[in-house]
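Student: Quick one, what's the 3D model for this:
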Amino acid sequence: MNDKSRSIDEDKQLAADAAVAEVQEGMLIGLGTGSTAAYAIRAIGRAGIAIEAVATSEASANLAREVGIKIIHFSRVERVDLTIDGADEIDEGLRAIKGAGGAMLREKIVAAASDRMVVIADRSKRVETIGVAKLPVEIVPFATAYVSAALRPMFDAVDLRDGGRVLTDSGNVVLDCMNSHSDDWDRLAGWLSTVPGVVGHGLFLSEVDAAYIASGGIVTRLERRLTSG
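Tutor: As a prediction, this is how the structure comes out:
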């Protein structure tokens, strides 16, 4: 491992530790998916805090059990106290793109059920505005050709991830969409939700309440500003 990789890994750990400081005994915690979220799962396990958790993927559930976290099935859950997850990109307005790990549908559901969602990231994931990373869109396999054709006019490229050979935990396939022709993310998210066959996408525009972003050993917290009126 080179110095740059080591530094990024150390920053991921610092961001995870900062977020895990929000975890309190008795909470029901949502566990995200991906390499960065795994740092938080291990940190919770090391802390030995008496919590229960729901996981956004089988991989995260298995890791959580390995480190001693009690996992309950989300189908029995109405509300989650706190969710900790990673992001592929996150900007100053706490808009994020997620889904590189293929769990964006379950992550979106758990986020919607959460009283608070916190993202952890290293400096490479912080951007001025989202849209550089590919946008994952989860679709039912039955609609692969139709949805691909429907999405192509909106992006420079629409690629079926792994040729459709790898399914999400919900049994769906993922289209990776590059370079949106629009930066009106709210409108794009709304439009994607109307396309038959689309069951989820990686635009997290209002779900994230706070982010812990580590750079060079320093953790910065971004908090969503609430407006009234």
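
Student: the domain parsing of the chain - what is it?
Tutor: As recorded under automatic domain parsing, the domains making up the chain are 3-127+206-218, 135-199.

Student: if I pick Ile29, what's in contact with it?
Tutor: Applying C-beta atoms under 8 Å, 6 or more residues apart in numbering, we find Ile29 in contact with Val23, Ile44, Ile51, Glu52, Ala53, Val54, Val80, Asp81, Leu82, Thr83, Ile84. All C-beta atoms are positioned from the backbone trio N, CA, C, and that covers glycine.

Student: where does it fall, helix, sheet strand or coil?
Tutor: strand (DSSP: H, G, I helix; E, B strand; the rest coil).

Student: per-residue confidence for it?
Tutor: On pLDDT, Ile29 comes in at 98.

Student: and the gap between it and Ala15?
Tutor: 16 Å (C-beta to C-beta, to the nearest Å).

Student: Equivalent analysis for Ala111, please.
Tutor: Distance from Ala111 to Ala15, counting by C-beta to C-beta: 18 Å.

Student: Give me the more crowded residue out of these two.
Tutor: Counted by other C-beta atoms under 10 Å, Ala111 and Ala15 do not tie: Ala15 has more neighbours, with 30 against 25.

Student: Now for this structure: which strand has the highest residue count?
Tutor: Of all segments of type strand in the chain, defined using DSSP state E, the longest is strand 173-180.

Student: all strands for this structure, in order.
Tutor: Using DSSP E, the strands of the chain run over residues 28-31, 52-55, 70-71, 82-85, 89-90, 96-97, 117-122, 135-139, 155-160, 173-180, 198-201, 203-204, 210-215, 218-223.

Student: Indicate which one of these is closest to Ala37.
Tutor: strand 82-85 (5.4 Å; C-beta to C-beta).

Student: so what strands line up beside the closest one?
Tutor: Partner strands and pairing direction for strand 82-85 (DSSP bridges) are strand 28-31 (parallel), strand 117-122 (parallel).

Student: gap between the shortest one and the chain center?
Tutor: The reference is to strand 28-31. Relative to the centre of its chain, strand 28-31 is centred 13 Å away, using C-alpha atoms, centre = their mean, to the nearest Å.

Student: What of stretch 13-26?
Tutor: For stretch 13-26, the distance to the chain centre is 17 Å (C-alpha atoms, centre = their mean).

Student: what distance separates the start and the end of that stretch?
Tutor: One end of stretch 13-26 to the other measures 23 Å (C-alpha to C-alpha, to the nearest Å).
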